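[1] Got a predicted structure plus its sequence, pasted below:
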Amino acid sequence: MSLAPGELRIVPLTGVPEVREDDDLAELLAAAAARAGGLEDGDVVVVAQKAVSKAEGRVVRLDALEPSALALAIAEDADPRQVEAVLRESARIVRMRGSLVIAETRHGFVCASAGVDASNAPAPGWLVLLPLDPDASAKRLRGRLAELTGRRVGVVVSDSFGRAWRQGTTDVAIGAAGLPVLLDLRGRRDRLGYELHATAIAIADEIAGAAELVLGKTNAVPAALVRGLRLEGEGAARDLVMPPERDLFR
C-alpha cells in the first residue's frame, strides 16, 4: 500500500504466541509482519519491552526473592518480595511513598518500580524486569530481521512510563536501532523566519507512543510496524536520557 507524503500507517503485528525464554523473537515478528503484508525498507518495528525481556530470560520468580529489611519496612500492603526486586533493579531511589518507588535504573531511566512489573508475566508469581541493555536488544532484533526478510528496518523497544506533572502513562523508547532518536531542529527557521534555539524532538518516543495505540496493555499484541516516516540516521535510546549537567530536577 503506497502512502501519500506525510502520511503514516501503524499496523499491529498480531498472532504472536506467548514469548518464552530463548525464543527467536525476530522470527516470530517476521512471521507476523508477513501475515500483515510484509516489511518494507524504512519501516520501524516497535516491540513491547515485555516480549524482549521474556525472550532474554529477564524474568524472576517471587519465590526466589528474599526480602531485605528495607523491603519489609516499606512494603506496607505490597508483596515485600516484589519490593525487593524493585530495590535490586534500582541504581538510585528518587522518591518513595510507602511501597511506591520511583527509581533510576542502571540504564539511567527514571521510572516507577525500576521497570519491574507483574503484568503480562509468564505466569502468576513471576515478575518481568527490563532488558539488561535495551539498545543492544534492538540492534540484535534489527540484524536478525534483516537476515530473515532482507529488509532494512528500524527497531524501537518500548515501555510505559509515567511523567512528572502529568497524569497517566505513555509508551517511550527504552531501546532503539537503525533510526535517529532525536530530531535536532536547532538552527532551523519556522515559517515566520524565527530561528529555533532549543528544539529537539524525541522522535523515538513519539514512535513508541503512536505504536502503543494499537498495542494496548490487554490485547496480546506485542509489536507494531510504523510505515511512512522516512527517517535517516542512527541513534540509541540511551541518548534520550537527560545528562546530569542539564538536569534541573536532580
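    Arrived safely.

[2] C-alpha from now on. contacts and neighbour counts both.
    Fine.

[3] Against which helices or strands is the helix of greatest length in the chain packed?
    If you go by DSSP state H, the chain has its longest helix at helix 134-149. Here helix 134-149 touches helix 25-35, strand 154-163, strand 166-177, going by 3 or more Cα pairs under 8 Å, 6 or more residues apart in numbering; DSSP states H and E.

[4] Residues contacting that helix, please?
    Contacts with helix 134-149, where a contact means Cα atoms under 8 Å, 6 or more residues apart in numbering, come from 25-27, 30, 39, 52, 131, 151-157, 174-178, 236-238.

[5] and if we set it to 7 Å?
    Helix 134-149 has contacts (Cα atoms under 7 Å, 6 or more residues apart in numbering) with 26, 30, 152-157, 174-177, 236-237.

[6] Stretch 74-85 too?
    Against stretch 74-85 from outside (Cα under 7 Å, 6+ apart): Leu62, Leu65, Glu66, Pro67, Ser68, Ala71, Leu72, Gly98, Ser99.

[7] Mark which of those are buried, thanks.
    Among these, those scoring as buried are Leu62, Pro67, Ala71, Leu72, Ser99 (criterion: 16 or more other Cα atoms under 10 Å).

[8] need the contact list for the third one.
    In other words, Ala71. Contacts of Ala71 by Cα under 7 Å, 6+ apart are Pro80, Val83, Glu84.

[9] Skip ahead from the helix or strand that contains it and say which helix or strand is next.
    Using DSSP states H and E, Ala71 sits within helix 69-74. On the C-terminal side of helix 69-74, the nearest following helix or strand under DSSP H and E is helix 80-89.

[10] hang on, the earlier thing: would a markdown table of the contacts of stretch 74-85 with pLDDT and distance to Asp184 be doable?
    Below are the contacts of stretch 74-85 laid out as a markdown table (pLDDT from 0 to 100; distance: Cα to Cα, whole Å):
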| residue | pLDDT | distance to Asp184 |
| --- | --- | --- |
| Leu62 | 97 | 43 |
| Leu65 | 97 | 44 |
| Glu66 | 97 | 46 |
| Pro67 | 97 | 45 |
| Ser68 | 97 | 45 |
| Ala71 | 96 | 42 |
| Leu72 | 96 | 46 |
| Gly98 | 87 | 40 |
| Ser99 | 89 | 39 |
